[in-house]
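Undergrad: I would like to see how this sequence folds:
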Amino acid sequence: MPIKTRDPHSLSDDDYIQMGEAVVLWCGEHHADPDHAPMDTDYEPKLLAFSLKLQQYRNAQEQAEDRHKEVKGPGDELHSLMIGLNRIIPTVFDGDESMLGYFSLALPIPTDLDLLLVDARACRDYWDNLCDPDVPPEYAAVAFLLDQVAGKITALEDAREAWTLASQRVDELQNEKNTARDEGHHVERLIFNWYRGLHPDPHDEWWTGTPWGAAWGEGEGGEEPEPAPEKWDDPLTGLTAEEGPPGVANISANVHEDADGIRIYVAEGPQGVSSQPIKPSVPVEPQVPQPYFLSISEGVRSWIWVCAVKDGVEGPIAGPVWVEPTL
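TA: Okay, here's the model as predicted:
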């Protein structure tokens, strides 16, 4: 069922389309009314244009995600090749690794694609210079691997370029989508304000049959208020608290098996002072699973109130009990 609201600009794109379709249907049903909004037929093409742009935008998002996934393969292949060269080149020089720095192949081989490309391009360029005019004899055994670097770089660059273009298209379509929605929103507001002028009381029963709904409570929000949750009346019994390890109070209570847990409220007072402080309004532990415990300040008396909780609703408060640390 479409959401009824007087602030459709706050809706998600999907919810906005649902409400917009309800507005189009309602305007069509009331177009023959003598006091119908004169612009009521202008909204449907705007809504259709927005719906089309939304679908194009989401298609572009999927394509960009696919292009992003396609970057991983070439990136992994280039990274693996660079690691292989790091291991293989020294083997033809009796384990000497001194030349790896010239090829930008010293460990660690970066996994960040930008840094990987920097090193790979440096490796390619050094190899190209080294092979001009011919491959040095000492590198003949590894030339077939070094020759692959340029192709792996090109494959990764092409994949990243495709991803970049796809991402740019997403940004373009997002702007077009938002513009189309704003244009439709403008017409929808004209229609709403026309009827708002005819029925100025936001609580008028007439509004309940419209896509915007009547205002409820404060303000002009069209949503009906959710019913208040039923009272959770199960009492919590057998409440005790005692000092555990330093800074911890162990709490014991009999809680109904249907309860979700308990909430704990605590107030502090100087040690030895018996006057009871006021229960705070905010729990220090919103929900505590068994076994129940509470972090407390050392050297002070802690007054503790506890209640059972079911579906987010508190039962009757039990307490207070207190924990008075030993000196």
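
Undergrad: Helices along this protein, start to end?
TA: Assigned by DSSP state H, the chain shows helices spanning 13-29, 43-88, 113-130, 143-146, 148-198.

Undergrad: Which one, of these, ends up nearest to residue 284?
TA: helix 13-29 (37.3 Å; C-beta to C-beta). Just so you know, the C-beta spots here come from the backbone N, C-alpha and C atoms, and that holds for glycine as well.

Undergrad: May I see the buried residues of that closest one?
TA: 13, 16-24, 26-27 (16 or more other C-beta atoms under 10 Å).

Undergrad: how far off helix 148-198 does it point, in degrees?
TA: 40 degrees (axes from the mean of the first three to the mean of the last three C-alpha atoms, to 10 degrees).

Undergrad: Which neighbouring elements make contact with helix 13-29?
TA: Of the remaining helices and strands, those touching helix 13-29 by 3 or more C-beta pairs under 8 Å, 6 or more residues apart in numbering; DSSP states H and E are helix 43-88, helix 148-198.

Undergrad: which residue sits farthest out from the middle of this protein?
TA: What lies farthest from the middle of the chain is residue 137; by C-alpha atoms, centre = their mean that is 57.1 Å.

Undergrad: Okay, now the unreliable bits of the stretch 1-150 of the chain?
TA: 1-2 (pLDDT under 70).

Undergrad: chain center to stretch 113-129, what's the gap?
TA: The chain centroid and the centroid of stretch 113-129 are separated by 37 Å, computed with C-alpha atoms, centre = their mean, to the nearest Å.

Undergrad: any idea how far the residue farthest from the centre of the chain is from residue 100?
TA: In this structure, residue 137 and residue 100 are 19 Å apart, going by C-beta to C-beta, to the nearest Å.

Undergrad: again, but for residue 160
TA: On the measure of C-beta to C-beta, residue 160 and residue 100 end up 26 Å apart.

Undergrad: Likewise for residue 294?
TA: Counting by C-beta to C-beta, the gap from residue 294 to residue 100 is 59 Å.

Undergrad: and what of residue 243?
TA: 63 Å.

Undergrad: ok, now residue 24?
TA: 68 Å.

Undergrad: Can I get the helices and strands packed on helix 13-29 in CSV including distance to residue 123?
TA: Formatted as CSV, the helices and strands packed on helix 13-29 follow (distance: least, C-beta to C-beta, whole Å):
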stretch, distance to residue 123
helix 43-88, 7
helix 148-198, 6
